[in-house]
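>>> I need the structure of the sequence given here:
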Amino acid sequence: MTNFDPSVVPARYWTVLDNGKIRCDLCPRYCRLQDGQRGLCFVRMRQEDALVLTTYGRSSGFCIDPIEKKPLSHFYPGSAVLSFGTAGCNLACKFCQNWDISKSRETDTLAAKATPETIARAAKELGCRSVAFTYNDPVIFLEYAVDVARACHESGIQTVAVTAGYICEEPREEFFRHMDAANVDLKAFTDRFYHKLCGGHLQPVLDTLVYLKHKTDIWLELTTLLIPGENDSEQELDEMTCWVVEKLGPDVPMHFSAFHPSWKYTDKPPTPPGILTKAREIAMRNGIRYAFTGNVHDESGASTYCRNCGKVLIGRDWYQLLEWNLTTDGACKHCGEVCDGRFDSMPGTWGNRQRPVQISDFA
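Below is the predicted model:
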């Protein structure tokens, strides 16, 4: 390559078409690119006769978060997770809550540079149980994420993907083979919503969810951002939660989060807490064992309850653990019923802190 840039590396999953264009086969958008043209995601670009990833080793920043912020409620609760993202996204959600990162078209956003080994070293030295690929969708920087995950696993660090699950079958297998947990953003349960507000389609996301649950050992949780008048009807929530129980099982935790006006969707009001409570009630009525409310102060809606006796297993106030009523092997102290999830013998003690990390300190 001319003008060598270490952040530009060969990308996988592309095809040369008969008309001379290169088709990116990473996600169902199948962007067709001429020389010098970038896909909608911004980070994958055609360079001469090949596809490249332009953001390898570059991040929008690093921060230690509570794992509950991802949100993951049943994946080593109370533990610290080193979080980072890059720039760009392969969906075009008008309501994006991280639009300054995911919608960025400026490489200046990518101020932090780090090798996979540096990230793994930082996580270990900082006492993080896991590393999370988050803030923007990690499937678009698959090559970097996979290398980071490999380095983390060599150091005993778990990996977490926070993703919309909009990815094709072959890269999906490679990407998630290196992940230990995933929170998938199930944005709605109608193709109309995905097409109108996200520039995508629902079915590929459903395919990813079924794959994750039945073809991998990944710990899976779901999040739906409820937008008033768009995806919060009782009928849609009923259909969504029934599908989850039928296709994924009742043990997959579901998070219903409050929308706040953002990006190109500032004319909608914030989600009333009552809508989140109603969604949680519908989910539990349809058989979801663990349903949560998010982005609002709701201790009841944030806590985990025993699926058998109904008593509090993990009490939460925002991201702070208040109660811990699990045995060392993850069962209810009151009745002995096993709680679905991944748990250490004792909860983590990170609390609700957030700590920015200067990743260059670990290079």
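>>> any buried residues in stretch 327-345, and which?
Neighbour-count burial for stretch 327-345, counted by 16 or more other Cβ atoms under 10 Å, picks out 330-332, 339-341, 343. The way it works is simple: take the backbone N, C-alpha and C, and place the C-beta from them, glycine included.
>>> tabulate those (CSV), appending pLDDT and distance to Arg129.
Output for the buried residues of stretch 327-345, formatted as CSV (pLDDT from 0 to 100; distance: Cβ to Cβ, whole Å):
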residue, pLDDT, distance to Arg129
Gly330, 96, 16
Ala331, 98, 21
Cys332, 98, 23
Cys339, 98, 18
Asp340, 98, 18
Gly341, 98, 14
Phe343, 97, 11
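>>> out of the residues you listed, who's nearest Ala149?
Taking Cβ to Cβ as the measure, Gly341 is the one of those closest to Ala149, at 20.7 Å.
>>> do you know how far the closest one is from Gln203?
As defined by Cβ to Cβ, to the nearest Å, Gly341 lies at a distance of 28 Å from Gln203.
>>> how about Glu299?
37 Å.
>>> Leu248 now?
With Cβ to Cβ as the criterion, Leu248 and Gln203 are 15 Å apart.
>>> the more surrounded of the two?
Set Leu248 next to Gln203 and count neighbours by other Cβ atoms under 10 Å: Leu248 wins out with 19 against 11.
>>> that one against Leu209, yeah?
Yes. Counting by Cβ atoms under 8 Å, a contact exists between Leu248 and Leu209, whose distance comes to 6.1 Å.
>>> residues in a beta bridge with the most centrally placed residue in the chain, which ones?
In the chain, the centroid-proximal residue (Cα atoms, centre = their mean) is Val162; its distance is 1.2 Å. Beta-bridge partners for Val162, by DSSP bridges, are Asn183.
>>> can you pull out the strands in the stretch 101-250 of the chain?
For the stretch 101-250 of the chain, applying DSSP state E, counting those that start in this stretch gives strands covering 112-113, 130-133, 158-163, 181-185, 219-226.
>>> Glu170 is nearest to which of those?
Closest approach to Glu170 among these (Cβ to Cβ): strand 158-163, 16.3 Å.
>>> I'd like to know which elements the closest one is packed against.
strand 130-133, helix 142-154, strand 181-185 (3 or more Cβ pairs under 8 Å, 6 or more residues apart in numbering; DSSP states H and E).
>>> please identify the most buried of the ones you listed.
Here the criterion is mean neighbour count by mean count of other Cβ atoms under 10 Å, and of the helices and strands packed on strand 158-163 the winner is strand 130-133, at a mean of 26.
>>> who touches it?
For strand 130-133, contacts defined as Cβ atoms under 8 Å, 6 or more residues apart in numbering pick out 65, 67, 70, 75-76, 79, 81-85, 119-120, 123, 141, 145, 148-149, 152, 157-163, 180-181.
>>> tell me which element Gly336 falls in.
Here Gly336, judged by DSSP states H and E, is contained in no helix and no strand.
>>> how close does it sit to Tyr290?
18 Å.
>>> again, but for Trp318
Applying Cβ to Cβ, the value for Trp318 to Tyr290 is 17 Å.
>>> who's more crowded, those two?
The residue with more neighbours, out of Trp318 and Tyr290, is Tyr290; 24 against 15, by other Cβ under 10 Å.
>>> in contact with the more buried one, which residues?
The contact partners of Tyr290, taken as Cβ under 8 Å, 6+ apart, are 73-74, 251-254, 304-305, 307, 340.
>>> which of the residues you listed sit farthest apart?
Val252 and Tyr305 (15.6 Å).
>>> next, count neighbours for Asn308.
Asn308 sits with 15 neighbouring residues when counted by other Cβ under 10 Å.
>>> shaky segments in the protein?
Where the chain drops to pLDDT under 70, the residues are 1-5, 98-111, 263.
>>> at 80 what do you get?
1-6, 97-112, 262-265 (pLDDT under 80).
>>> show me it divided up by domain.
Domain segmentation of the chain under automatic domain parsing yields 9-53, 59-288+349-357.
>>> out of these, deepest packed?
Note that of the domains of the chain, domain 59-288+349-357 is the most buried (mean count of other Cβ under 10 Å), with a mean of 20.
>>> can you get me the start-to-end distance on that domain?
Terminal residues of domain 59-288+349-357 lie 12 Å apart, using Cα to Cα, to the nearest Å.
>>> can I get the domains of the chain in CSV with distance to Leu322?
Listed next are the domains of the chain as CSV, based on distance: least, Cβ to Cβ, whole Å:
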stretch, distance to Leu322
domain 9-53, 40
domain 59-288+349-357, 11
